[in-house]
Each structure stands twice: as structure tokens, then as C-alpha cells.
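Visitor: Got a predicted structure plus its sequence, pasted below:
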Amino acid sequence: MSHPDLSDPIFNNENAARKHLESLIWKDGRYCPHCGSTEESRPIRGKKHRDGMYYCNACKKQFTVTVGTLYESSHVALHKWLLATHLLCSSKKGISSHQLHRMIGVTYKTAWFMTHRIREAMRPVDPQPMGGSGQTVEVDETYWGPMPEIFMNPTDGRPGGWRRKSGTKEKMKILTLVERDGQARSFHIPNVKSATLRAVLHRHLKRDTHLMTDEFNAYKSIGLRFITHRTVNHSAKEYVRGASHTNTIENFFSIFKRGLTGTYQHISEKHLKRYLCEFDFRYNERTALKVDDHMRRDKALTGIKGKRMTYQQPRGGKASESALLP
């Protein structure tokens, strides 16, 4: 596997970055994003026009490779977009917006918006059902939110133990499906009731799948839909019984939670789904599947097509994080 060099011209030269993006977006030939014409566009030459500007003779409009993508109308240099995408794709536990703004020389607000656009590029457009052909898919739920806090002993000021800050009721609920030796797909769900879990599993899993879960009662009736439904009893400290285990999904959760704890720390419920897309993407394009950092970055870059994210400008005020729209 190749090892990308951060001194690559696509990370510090605008024309090199543009040509690389054109080779990905227009892999099958240049087309006009306004009308879809593939044969009647030409480069625009002249001092008044920057490199990479094209004119469509069919619809009489100008365009660049970023039109109709997540990068459209961005004032951030294209080579910085590629560098930010590479850093986010190659960092196993993610990279914070504060770190990114220091590394590529943009404001924190800009870095925050860039990372969310890149996460949107990682989102699959039309995901097909997982499993099938007798494949085993592990399913489990986890929680994220306020953690227990340590309290101090009033007599000597030393740590006296843990005070429960919140239970699972107050935490955000996450459901994840992981194919053994395959893909992962995560969902932010409102609750872990049987009806909610059933709706997700019936939509995203093929019927000829071997379902693997823990002993949670909500899965019992759901499992009747699939070829087999095997469980392990974690409450009885049973973790592996032959081929029955949920170790694959537990490994996925361990990387996910280390990323949230060590890198992102504070995640609002509004944007949790985008962080789930990020960790799913890196898992699905992991080294074990013969995917290197180059390939993972380029896969994310191709995902910018046909997607837009903008700020909604509030009346009488500046745009804020809560105004981010898909």
C-alpha cells in the first residue's frame, strides 16, 4: 500500500488540487452540472477567468468542478479542502475542528463547517440492505451522553467515589449493524423499544441473514424474521459460545467511543448522525479490506457530488452551528 505524503502538491497547490478533483468527479468525462451535457463544454481562457472554468454551449452557463457539490460557493481554497478531507479520513479516531483550524489556517467556525461537509460526503446516498446469503450480522445498541462524575470526600478533600450523573434514559441511543468481515451501519434512534428496532432491522437487513445479538428481550420477536437468531448472555458473563459472539460490534464501539471521548468530547444530539457516518465510513474503508489512506480520501471526495449543505441565516443575527442545514 502507498503511504500518502502531506507534501503532495494537491495539498498545497490550487491547480493540482483542482485537477485531482476533476479526475475523480469527471472520471467518465466532463459534464455540465447545470444541464448534464457531456459533449458541448469548453475551457474558458483569459486573464479575467481562473483556471478550471468551463463554458457549456448547450445551456450557455459557466461551471467548475465544484458546482453541484458540497464545495460549491466555498471561499476556502480547494487544496485546503483536500487536505482537511485527507486528515479526517486518515485519523482513526477523527480530528477535532480546533485541531483542523490550527493545521490548515482557517477559523474555528470554518473548520467546524468543513468537517460537517466532509462527513456529509461520507454518507452513502442509497444504502442497500446488508447481510444475505447466510452472512452473519451482529446487532447491538449503545448509549452516549453525560458520564458519571467523581465527588470529593468533604472531610479530607480526596476522591470519594462516583456520583451517577444520568442513566440511559437521558443518553443518546445508537443502534449499529456490523457484518462479520464486512460493513457497518449506525443509526441514531429515539428509543430501544422493539418497534423501533424492528423497523430498522427489517429495512436494512436481508431475510436470509444470520442475526447475532445479546440477550436483550426486544430482539426475540425480531429474530423470527431471519434464518437464525443466536444470542449470548452478557449478564451471565457469557461472551463467546462457539461462533456465537458480538465481539465484532464491540470492537467497533470501542473505536467509536474512544473517538468521542478523546477527540470530539461534546456532541449535540442534532449532529450525532454525522459523526456516526464518519466512523461507519472509516470502518467500511478500513485497512483490513485493502483500503489505504489515499483510497479512503478519494472515496470521500467522490461523495461530494449532488450534495449541498448551507447555513440558514437567522434574521438580525449571524449564522450559528444550530443553523446547519442538510
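Guide: Done, it's in. Numbering: from 1, shown residues only.

Visitor: which stretches of the stretch 1-150 of the chain have low pLDDT?
Guide: 1-4, 47, 146-150 (pLDDT under 70).

Visitor: ok, 50 please
Guide: Scanning the stretch 1-150 of the chain with the threshold set as pLDDT under 50 gives 1-2.

Visitor: which residues in it form strands?
Guide: With strands called from DSSP state E, counting those that start in this stretch, the stretch 1-150 of the chain shows them at 41-43, 54-56, 61-63, 136-144, 149-152.

Visitor: Just name whatever secondary elements the fourth one is in contact with.
Guide: So the one you mean is strand 136-144. When contacts are defined as 3 or more C-beta pairs under 8 Å, 6 or more residues apart in numbering; DSSP states H and E, strand 136-144 sits against strand 172-179, strand 210-214, helix 247-259. All C-beta spots, glycine's among them, are computed from the backbone N, C-alpha and C.

Visitor: got the ones you listed as JSON lines, with distance to residue 234 and mean neighbour count columns?
Guide: JSON lines is the format used below for these (distance: least, C-beta to C-beta, whole Å; neighbours: other C-beta atoms under 10 Å):
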{"stretch": "strand 172-179", "distance to residue 234": "16", "mean neighbour count": "22"}
{"stretch": "strand 210-214", "distance to residue 234": "5", "mean neighbour count": "23"}
{"stretch": "helix 247-259", "distance to residue 234": "10", "mean neighbour count": "17"}
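
Visitor: which parts of stretch 123-136 are buried?
Guide: Buried positions in stretch 123-136, judged by neighbour count with 16 or more other C-beta atoms under 10 Å: 123, 130-131, 135-136.

Visitor: just to revisit the earlier point, and residue 304, which of the strands of the stretch 1-150 of the chain is closest to it?
Guide: Distance to residue 304, taken as C-beta to C-beta, is lowest for strand 61-63 among the strands of the stretch 1-150 of the chain, at 14.7 Å.

Visitor: ok, residues contacting the closest one?
Guide: 32-35, 41, 44, 53-56 (C-beta atoms under 8 Å, 6 or more residues apart in numbering).

Visitor: one step back: if you compare the strands of the stretch 1-150 of the chain, which one is most tucked away?
Guide: A comparison of those by mean neighbour count, using mean count of other C-beta atoms under 10 Å, puts strand 136-144 on top with a mean of 21.

Visitor: List the neighbouring strands of that one plus their orientation.
Guide: strand 172-179 (antiparallel), strand 210-214 (parallel) (DSSP bridges).

Visitor: helices or strands up against the biggest helix by length in the chain?
Guide: Criterion DSSP state H: the longest helix present in the chain is helix 108-122. The contact analysis (3+ C-beta pairs under 8 Å, 6+ apart) places helix 108-122 against helix 78-90, helix 97-104, helix 272-284, helix 293-302.

Visitor: now those helices as JSON lines including mean neighbour count and distance to residue 111?
Guide: Shown next, in JSON lines, are these (neighbours: other C-beta atoms under 10 Å; distance: least, C-beta to C-beta, whole Å):
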{"stretch": "helix 78-90", "mean neighbour count": "23", "distance to residue 111": "8"}
{"stretch": "helix 97-104", "mean neighbour count": "17", "distance to residue 111": "4"}
{"stretch": "helix 272-284", "mean neighbour count": "22", "distance to residue 111": "15"}
{"stretch": "helix 293-302", "mean neighbour count": "19", "distance to residue 111": "16"}
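
Visitor: would you list the ones you listed in TSV and tack on distance to residue 179?
Guide: Formatted as TSV, the helices and strands packed on helix 108-122 follow (distance: least, C-beta to C-beta, whole Å):
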stretch	distance to residue 179
helix 78-90	21
helix 97-104	31
helix 272-284	10
helix 293-302	18
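
Visitor: what about these, which gets the closest to residue 115?
Guide: Judged by C-beta to C-beta, the one of those that comes nearest to residue 115 is helix 97-104, at 5.4 Å.

Visitor: What lies in contact with the closest one?
Guide: 80, 83-84, 87-88, 106-108, 110-112, 114-115.

Visitor: for residue 188, helix, strand, or coil?
Guide: Residue 188 carries the three-state label strand when classified by DSSP: H, G, I helix; E, B strand; the rest coil.

Visitor: That one bridge partners, please.
Guide: residue 174.

Visitor: And it, how far from residue 52?
Guide: 38 Å (C-beta to C-beta, to the nearest Å).

Visitor: Could you do residue 288 as well?
Guide: In terms of C-beta to C-beta, residue 288 sits 37 Å off from residue 52.

Visitor: between these two, who's got more neighbours?
Guide: Shown here are residue 288 and residue 52; by other C-beta atoms under 10 Å, residue 52 has more neighbours (19 against 7).

Visitor: hang on, isn't that one packed against residue 65?
Guide: Yes: here residue 52 reaches residue 65: they are 6.4 Å apart, a contact under C-beta atoms under 8 Å.

Visitor: who touches both of the two?
Guide: 18, 22.
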